[in-house]
Every structure is written in structure tokens, then in C-alpha cells.
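>>> Need coordinates for the following:
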Amino acid sequence: MKNITKFFATAATAVAIFASTNLKAQTMETPAAGSGMAFKVGVGVNYGLFPDRSEMDYGYGADLKLQYDLSPFVAVTASGGYTRLKWKGSPLKFEFIPLLGGVRVFPIERMYLATELGSGLAVKDGANMNFIYTGGLGYEWKNGLDLGIKYEGYVNNSSSDLYFMKTGQFNLRLAYNFKL
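Numbers count the residues shown, from 1 in each chain. The predicted structure is shown next:
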């Protein structure tokens, strides 16, 4: 236990020294006209893989994401789409319509950290999706291309005919944003 504590203390000290040697003062500038308060519509496709311990094998889908830039640093999002999850070693598939709301924070110009919460509406009768949560990062290019990676977790209703335990996938999303 003492070795672990010493290791973390040494690592924290090294990070503090490294970070303090590269610090520069920054000021918050007011955004220039047209650089904030933008509304975007994005069309994307995604593909995800589940960890080995999951009952699922892979997932894929498409989505439509609305993004409103509150400032050059923060945006709110809302999305809907279609997702299909494939069970391991089985022809069964779980299909649903994810409805999510979230926030994107841009700590570096065009690079974002994102989180979303929402629910999935099952396509098959008798199947219920309770809750979806995500967290990830990505990059928006000036030409509208958007590439992101995220973890997408699912918590299912145990009364569902297609019940699966809490699980999640590591997801890659490629999209194109239209600025309105």
C-alpha cells in the first residue's frame, strides 16, 4: 500500500511540475460577430463494439443531431436516430430509436468533450429500453465533418421481453454538420 501511495505522489508531483512549466495566461475574449450562437444539423452513422464480458457483440446505426452553439465554448445537443445491437452467437437483434439530449464543451478550438442522457424507444413490441448515457470526445472540422468516439451505456428494463443486463459499447461516429 505504501508503494502505491508513493507511486501516485510521485506521478502527481511530476504532472504538477510539467504543467506549471507550460502555463500561459489566457483571457476570455468576447466572440466576434458570427462566431457563436450557431445552429447546426448533423447527419451521422456510427459503429460500436462491446467489451468481451457483454452479451452483445456489436452495434450500428444512424442519427440526426441538432446542435445549438451557446458560445464558442459550449453547445447543447438533441438527437434521434436508429440503433441495432447484435447478440453474441445468436441471430437475435435489438433495435431501438435513441432520443438523447446533451452538452458539448470545446476546451480547445473545434475539439469537444460531450455527454448525453436519454432513452431508447424499442422497435419490437414487448421490449423496453429505460436509459442511455454517453460520454466521449470528438473534433469538428470547418468544412462540416465531425468525427467522435464515445462510450454508450445502456440500462434495460427487467420486464422487457428482450432483457439484457446493463451493458455498453465503444462507439465511433462519423457525421456531417450543416450550419443553418
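
>>> What segments of the protein are helices?
2-21 (DSSP state H).

>>> Okay, now the unreliable bits of it?
Across the chain, the ranges flagged by pLDDT under 70 are 1-37, 126-129, 157-165.

>>> for it, which strand is longest?
Longest strand of the chain, by residue count under DSSP state E: strand 93-108.

>>> Name the strands paired with that one and say parallel or antiparallel.
strand 74-87 (antiparallel), strand 111-122 (antiparallel) (DSSP bridges).

>>> Thr134 is nearest to which of those?
Proximity to Thr134 (C-beta to C-beta) singles out strand 111-122 among the strands paired with strand 93-108, at 4.5 Å. Where C-beta positions appear, they are placed from N, C-alpha and C, glycine not excepted.

>>> any residues touching the closest one, and which ones?
For strand 111-122, contacts defined as C-beta atoms under 8 Å, 6 or more residues apart in numbering pick out 75, 77, 79, 83, 94-107, 128-140, 148, 150, 154, 160, 162.

>>> still on that earlier bit, can I get the strands paired with strand 93-108 in JSON lines including distance to Phe170 and mean neighbour count?
Shown next, in JSON lines, are the strands paired with strand 93-108 (distance: least, C-beta to C-beta, whole Å; neighbours: other C-beta atoms under 10 Å):
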{"stretch": "strand 74-87", "distance to Phe170": "13", "mean neighbour count": "18"}
{"stretch": "strand 111-122", "distance to Phe170": "14", "mean neighbour count": "17"}
